[in-house]
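J.: 3D, please:
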Amino acid sequence: MEPEGSFAGSATSFAFVQLEFGFELGPPDGRYVVRGGPNAEPHRVVVLSTLAAPRGSPQRSLGSRLRRRPRTVTDAEPAPAPTGRATLIDPAPLDATSAQERLARLREEQPELEAEAAEAVRELNRMLRAHRAAAADPHVREVAMGQALVVRAGHGDGEQVARGRFAEACELPASARRERRSRRSELLAPQERLAAMLTGREQLHAADELVLRARADIDAERPREAALQARIAFEALLAELPADAPDRAALEQSRDAIAEAANDALTGDPAEHLSAAVADVVVHMARAVRRRSLARERERGHPAADG
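T.: All right, here's what the predicted structure looks like:
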């Protein structure tokens, strides 16, 4: 898809945020215009491109991928992986001074660069969510900042940014893209729990996954979906928790708020105070899931569970 108007041919500067991932994003490569409504002005132009994978071994050539019969191999060379690039462009033109001032500000104020990058991730995820529905493909995945190989922000003229290129840019440090964990026990627990699940010593409960989905909706600023998902997660978690669980009584006090938010979400985004209540309950549910996991680690004698 191509953007409307003279965007691609303009010599004016346009601001952008660009993200690269070690996988294809899903929608076909091209330029996509995002609007707030049918008659609204363009809000964002998204340029998607798939960068060529590094040249692989002969076994990975196009001919081998098209071969119909299995072939014997003697090694396990990694397959070359493509890089998916998304360039999210603000269609409002900038003069040279404004473009330079923005770039200087982003270089000096990392929190501002992080905020622009986070908004770009949200915008990209809205597009991927729409593609998932349009393609009727439940396996189209959304992305997280920590998955990005590189995050850069800058500016360029119309032709440059329309091709995913730029005149000047700065990159977000890798440390700012990674999810940080403050406690050593939080680094060890997932590995211990995964081993327990794989060996059948621990069960993966429905609420474990449902609470994560509700958290993802909140992080993506989807209040309607978050309220509906949280209601399902809430009921599943209460059904799984034992009667004497330390979090059960506090959670049960939130039943009315969760139910009201879910009912309100049937016709649109719930009221702001209900969305806030949903976010609060999801935090409590995640804590209950975590405590349940820690309790199992104590039963298995994991020392970090007592830290």
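
J.: residue ranges for the strands of this protein, please.
T.: Under the criterion DSSP state E, the chain carries strands at the ranges 13-21, 30-35, 42-51, 83-89, 148-157, 168-171.

J.: Can I get those strands in CSV including mean pLDDT?
T.: Converted to CSV, those look like this (pLDDT from 0 to 100):
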stretch, mean pLDDT
strand 13-21, 95
strand 30-35, 93
strand 42-51, 93
strand 83-89, 95
strand 148-157, 95
strand 168-171, 94
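
J.: quick one, what contacts V46?
T.: Applying C-beta atoms under 8 Å, 6 or more residues apart in numbering to V46 gives the contacts R31, Y32, V34, A86, T87, L88, I89, E123, L124, M127. Where C-beta positions appear, they are placed from N, C-alpha and C, glycine not excepted.

J.: between the residues you listed, which is closest to D137?
T.: Distances from D137 to these, taken as C-beta to C-beta, are shortest for M127 (14.0 Å).

J.: I'd guessed that closest one sits against P27; true?
T.: Yes - contact criterion C-beta atoms under 8 Å: M127 and P27 qualify, at 7.0 Å.

J.: hang on, the earlier thing: can you redo the strands of the chain as TSV with distance to S254?
T.: Below are the strands of the chain laid out as TSV (distance: least, C-beta to C-beta, whole Å):
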stretch	distance to S254
strand 13-21	36
strand 30-35	36
strand 42-51	36
strand 83-89	37
strand 148-157	35
strand 168-171	42
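
J.: Which one of these lies nearest to L204?
T.: L204 lies closest, by C-beta to C-beta, to one member of the strands of the chain: strand 13-21, at 26.9 Å.

J.: and that closest one, how far from the chain's centre?
T.: Averaged C-alpha coordinates place strand 13-21 at 17 Å from its chain's average position (C-alpha atoms, centre = their mean, to the nearest Å).

J.: and if you look at stretch 94-102?
T.: With C-alpha atoms, centre = their mean as the basis, stretch 94-102 stands 30 Å off its chain's centre.

J.: Show me the shaky parts of the stretch 1-150 of the chain.
T.: Across the stretch 1-150 of the chain, the ranges flagged by pLDDT under 70 are 1-11, 53-67.

J.: thinking again about what came up before, who wins for proximity to D95 among the strands of the chain?
T.: Nearest to D95, of all the strands of the chain, is strand 13-21, at 7.2 Å by C-beta to C-beta.

J.: that older thread, how about the contacts of V46 in JSON lines, adding neighbour count?
T.: Shown next, in JSON lines, are the contacts of V46 (neighbours: other C-beta atoms under 10 Å):
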{"residue": "R31", "neighbour count": "21"}
{"residue": "Y32", "neighbour count": "19"}
{"residue": "V34", "neighbour count": "18"}
{"residue": "A86", "neighbour count": "25"}
{"residue": "T87", "neighbour count": "26"}
{"residue": "L88", "neighbour count": "27"}
{"residue": "I89", "neighbour count": "26"}
{"residue": "E123", "neighbour count": "17"}
{"residue": "L124", "neighbour count": "22"}
{"residue": "M127", "neighbour count": "20"}
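
J.: Columns distance to D280 on top of those, output as JSON lines?
T.: Listed next are the contacts of V46 as JSON lines, based on distance: C-beta to C-beta, whole Å:
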{"residue": "R31", "distance to D280": "40"}
{"residue": "Y32", "distance to D280": "35"}
{"residue": "V34", "distance to D280": "31"}
{"residue": "A86", "distance to D280": "32"}
{"residue": "T87", "distance to D280": "36"}
{"residue": "L88", "distance to D280": "31"}
{"residue": "I89", "distance to D280": "36"}
{"residue": "E123", "distance to D280": "26"}
{"residue": "L124", "distance to D280": "27"}
{"residue": "M127", "distance to D280": "29"}
